[in-house]
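*Asks:* got a sequence here, can you model it:
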Amino acid sequence: MIKSMTGFASGKGEFGPHSWTWELRSVNGKGLDMRIRVPDWLTGLEAALRAVLSKSLSRGNVTLSLRISRDESQPDLALNTVAMSAALDALQQTQAMAAAKGIALAPSKASDLLTLKGMLDAGAEADDPAPLVAQMTTEFTPLLAAFLDMRQTEGEALAAILASQLDQVAELTAKAAELAEQRKDKMAEALRENLARVLDNAQGVEPERVAQELALIAVKADITEEIDRLSAHVTAARDLLAQDGAVGRKLDFLMQEFNREANTLCSKAQSADLTSVGLELKAVIDQMREQVQNVE
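*Replies:* All right, here's what the predicted structure looks like:
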């Protein structure tokens, strides 16, 4: 099923003293253009988010905004690795001395060590943003899922609209074929008149030239190929709507082919009724082109 390039999702998260809000939105575009706004001090976050988005999206102008704040009433706690290393060395030495004297000591727990003075430093923000970046990258997953769900839902609505418009094109094409069949007698009479006119003015003209002129007159009035191609384009468009993945470019190209055939049909119409059908075709095709601009 096709997907729309239009989507939106927002979310919130928190980790330690930090809290943030995401906004992810996209509109139609010729290719994939991503604008990611995150603070520079969150090292590696932009690259990680860009990689995730690139795997999930093919087209669209995508904007991701992040607003992050820090609660100053919750100081960061960072492990004093120097103090902990010294404490572990002392613990190891103590256990060795106790074992040498045949004294069994109760096992030590990490929580006991962390309660020792100087093990945790509070105050300034930790120098390493990696844990925060990892948490934010993880919490981005459900936001992206909601965003993709919206693009999928929008795509389903687009598919329904395009399917209805293709039905109109098919009906108008069939009507054009019917009108073309009905005008055969009139066109035959017109061809006979054109033939007589050519023959009256063909003195000194080579028979091959006369034959070429007659063939040109017949071609200008025949819309069989245009009808056949319009029908084939309808089938191709329906097949694309049923496919998964990015088919927007193919549909856009197909809309150009639809328009070309409708223009040719109008130029060959030589009938008010057939011209009217051709203009209706052009109107529906133009509406389809507008919708296709939003297909990924």
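
*Asks:* tell me the backbone dihedrals of residue 109, please.
*Replies:* Note on residue 109: backbone dihedrals following degrees, to the nearest 10 are phi -110, psi 150.

*Asks:* would you say residue 64 is within a strand?
*Replies:* Yes - per DSSP: H, G, I helix; E, B strand; the rest coil, residue 64 lies within a strand segment.

*Asks:* list the contacts of it.
*Replies:* 22, 23, 24, 34, 35, 36, 37, 38, 49, 53 (CB atoms under 8 Å, 6 or more residues apart in numbering). C-beta here means a position set from N, CA and C on the backbone, and glycine is covered the same way.

*Asks:* now, of these, which are buried?
*Replies:* 22, 24, 34, 36, 38, 49, 53 (16 or more other CB atoms under 10 Å).

*Asks:* one step back: next step: the contacts of residue 64 restricted to strands.
*Replies:* Among these, the subset assigned to strands under DSSP state E consists of 22, 23, 24, 34, 35, 36, 37.

*Asks:* which one of those residues is nearest residue 106?
*Replies:* Minimum distance to residue 106 across the ones in strands among the contacts of residue 64 is 47.6 Å, recorded for residue 22 (CB to CB).

*Asks:* so that closest one makes contact with residue 66?
*Replies:* Yes - applying CB atoms under 8 Å, one finds residue 22 in contact with residue 66, separated by 5.9 Å.

*Asks:* surely residue 273 is in contact with residue 179?
*Replies:* Yes - using CB under 8 Å, residue 273 is in contact with residue 179, at 5.3 Å.

*Asks:* compare the two (neighbour count), which wins?
*Replies:* residue 179 (18 against 14; other CB atoms under 10 Å).

*Asks:* ok, that one - contacts?
*Replies:* Neighbours of residue 179 in contact, by CB under 8 Å, 6+ apart: 271, 273, 274, 277.

*Asks:* what subset of the residues you listed is buried?
*Replies:* 271, 274, 277.

*Asks:* are we agreed that residue 55 is in a strand?
*Replies:* No - the assignment for residue 55 by three-state DSSP gives helix, which leaves it out of any strand.
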